[in-house]
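Trainee: the sequence isn't on hand, but the structure is:
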Ligand code: P6P
């Protein structure tokens, strides 16, 4: 059994000049994940104890869990002295840790502390998504938005924690993807999925077909392609949509498949956030041999961000499925 901590130390040698700061950053992510894991599982108990007032408890609990997770990751990341700033879905503006706290820290972190949290009250898996960059502003100067508005291809590390039937951390520092399953009895994440590879082809497609009428024509044609009977290409594909990005992506990472969140009338720029949802997921997908594109078939990791909370369409998964989708997008916008 190899723990996450041991694995990080083993791999530290891969980075010239590795000073252990990234290891300290991951230790913070690990600790916060363990605390959030415990709170999420208690949420179920709250349902039981608060049965008389389920709506109120659940609503506050739900709302609290987003904020709770944000606070835990914020405190843990600030405390290690290696992160100079944090941007979060739960924070309007980025948070500076460089004032007094960590003036010499070289990393910034962007995070969705609890993606899919509306699913907690129906006991569906949710996830924390994180993205790590080196600061670009000179040391000694205050950090700025520039430190966060970096292209996804420049990420130093990215990953997610999925709080599901088991809690797992899946991450990459640019040398492949590895998954660690949390053992609450020991309080450690253990290496359970070494060198994860996203299957080159698959037969699962994940999309909210309720928005079908609002999708671009190319997406509509691809969805119909997925549904047409064709034994030679293993169609019709299976439709699986959990409504929790991390749960849908994690399944497709293991089994092969494609996740689609296109633009629609309700979300003209797409719903998902580029910096702390699309970029980390795209980084993991490519590191595992998959592919991730956005509008006009642009590689997600090449998009030049303009704002911390900007949105993007996301098509991510098995290379062969993305390539087939691109044929429809090119032909039928
Ligand atoms: P819809 C959750 O709110 C989320 O950000 C992703 O986790 C999920 O894949 C998507 O939105 C679900 O959105 O519009 O299909 O309910």
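Mentor: Sure, I can see it. Note that this is a predicted model, so its numbers are computed, not measured.

Trainee: can you pull the phi/psi pair for residue 84?
Mentor: Note on residue 84: its backbone torsions stand at phi -100, psi -10 [degrees, to the nearest 10].

Trainee: quick check: the gap between it and residue 103.
Mentor: Note on residue 84: its distance to residue 103, by Cβ to Cβ, to the nearest Å, is 7 Å. To be clear about C-beta, it is placed using only N, CA and C from the backbone, and glycine gets the same treatment.

Trainee: quick one, which of those two is more surrounded?
Mentor: Residue environment comparison for residue 84 versus residue 103 gives the larger neighbour count to residue 84, 26 against 16, counting by other Cβ atoms under 10 Å.

Trainee: so what's the residue of the stretch 1-150 of the chain found nearest the ligand up against?
Mentor: When distances are taken as Cβ to the nearest ligand atom, the stretch 1-150 of the chain reaches nearest to the ligand at residue 116, 3.9 Å away. For residue 116, the contact set (Cβ atoms under 8 Å, 6 or more residues apart in numbering) comprises 124, 125, 126, 127, 242, 243, 244, 245, 246, 247.

Trainee: residues in the stretch 201-333 of the chain within reach of the ligand, list them.
Mentor: Contact residues of the stretch 201-333 of the chain with respect to the ligand, defined by Cβ under 6 Å from any ligand atom, are listed as 208, 243, 244, 245, 248, 271, 272.

Trainee: among those, which lie within strands?
Mentor: Counting by DSSP state E, those place none of their members in strands.

Trainee: export these as a markdown table, with columns for neighbour count and pLDDT.
Mentor: Below are those laid out as a markdown table (neighbours: other Cβ atoms under 10 Å; pLDDT from 0 to 100):
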| residue | neighbour count | pLDDT |
| --- | --- | --- |
| 208 | 14 | 97 |
| 243 | 13 | 96 |
| 244 | 22 | 96 |
| 245 | 25 | 98 |
| 248 | 25 | 98 |
| 271 | 18 | 95 |
| 272 | 23 | 96 |
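
Trainee: how about those in CSV, adding distance to residue 14?
Mentor: CSV is the format used below for these (distance: Cβ to Cβ, whole Å):
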residue, distance to residue 14
208, 39
243, 37
244, 32
245, 29
248, 30
271, 36
272, 30
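
Trainee: what about the helices in this structure?
Mentor: Assignment of helices within the chain using DSSP state H yields the ranges 4-12, 21-49, 54-79, 217-227, 245-255, 279-287, 319-332.

Trainee: ok, which of these comes nearest residue 265?
Mentor: When the helices of the chain are compared for distance to residue 265 using Cβ to Cβ, the nearest one is helix 217-227, at 13.2 Å.

Trainee: which residues touch the closest one?
Mentor: When contacts are taken as Cβ under 8 Å, 6+ apart, the neighbours of helix 217-227 outside the stretch itself are 205, 207, 209, 212, 215, 235-237, 239, 260, 262, 324-325, 328-333.

Trainee: in PyMOL, how would I select the buried members of those?
Mentor: Isolation of the buried members of the contacts of helix 217-227 (16 or more other Cβ atoms under 10 Å) is achieved in PyMOL through the command below:
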select buried, resi 205+207+215+237+260+262+324+325+328+329
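
Trainee: per-residue pLDDT, the residue minimising distance to the centre of the chain?
Mentor: Among the residues of the chain, the one closest to the centroid is residue 129, at 3.6 Å (Cα atoms, centre = their mean). pLDDT recorded at residue 129 is 98.

Trainee: with residue 296 instead?
Mentor: Model confidence at residue 296, expressed as pLDDT, equals 89.

Trainee: neighbours around it, how many?
Mentor: The number of residues near residue 296, taken as other Cβ under 10 Å, comes to 9.

Trainee: which non-adjacent residue is nearest residue 306?
Mentor: Distance criterion Cβ to Cβ, 6 or more residues apart in numbering; nearest residue to residue 306, sequence neighbours excluded, is residue 149 at 7.0 Å.

Trainee: once you drop chain neighbours, what's closest to residue 99?
Mentor: Across the structure, with Cβ to Cβ, 6+ apart as the measure, the residue nearest residue 99 apart from its sequence neighbours is residue 142 (7.4 Å).

Trainee: for the one you found, give me its contacts.
Mentor: Each residue near residue 142 by Cβ under 8 Å, 6+ apart is listed here: 96, 98, 99.

Trainee: most surrounded residue in those residues?
Mentor: Neighbour-wise, the contacts of residue 142 (other Cβ under 10 Å) top out at residue 98, 21 neighbours.

Trainee: and it, how far is that from residue 305?
Mentor: According to Cβ to Cβ, residue 98 and residue 305 sit 20 Å apart.

Trainee: try residue 27
Mentor: Residue 27 is 28 Å from residue 305, where distance means Cβ to Cβ.

Trainee: which residue sits closest to residue 146, ignoring its sequence neighbours?
Mentor: Excluding the flanking residues, the one nearest residue 146 by Cβ to Cβ, 6+ apart is residue 136, at 5.7 Å.

Trainee: I'd assumed residue 147 was in contact with that neighbour.
Mentor: Yes. In this structure, residue 136 is within contact of residue 147 by Cβ atoms under 8 Å, at 5.6 Å.

Trainee: which of those two has more neighbours?
Mentor: residue 147 (22 against 14).

Trainee: so that one makes contact with residue 83?
Mentor: No. Under the criterion of Cβ under 8 Å, residue 147 makes no contact with residue 83, lying 10.9 Å away.
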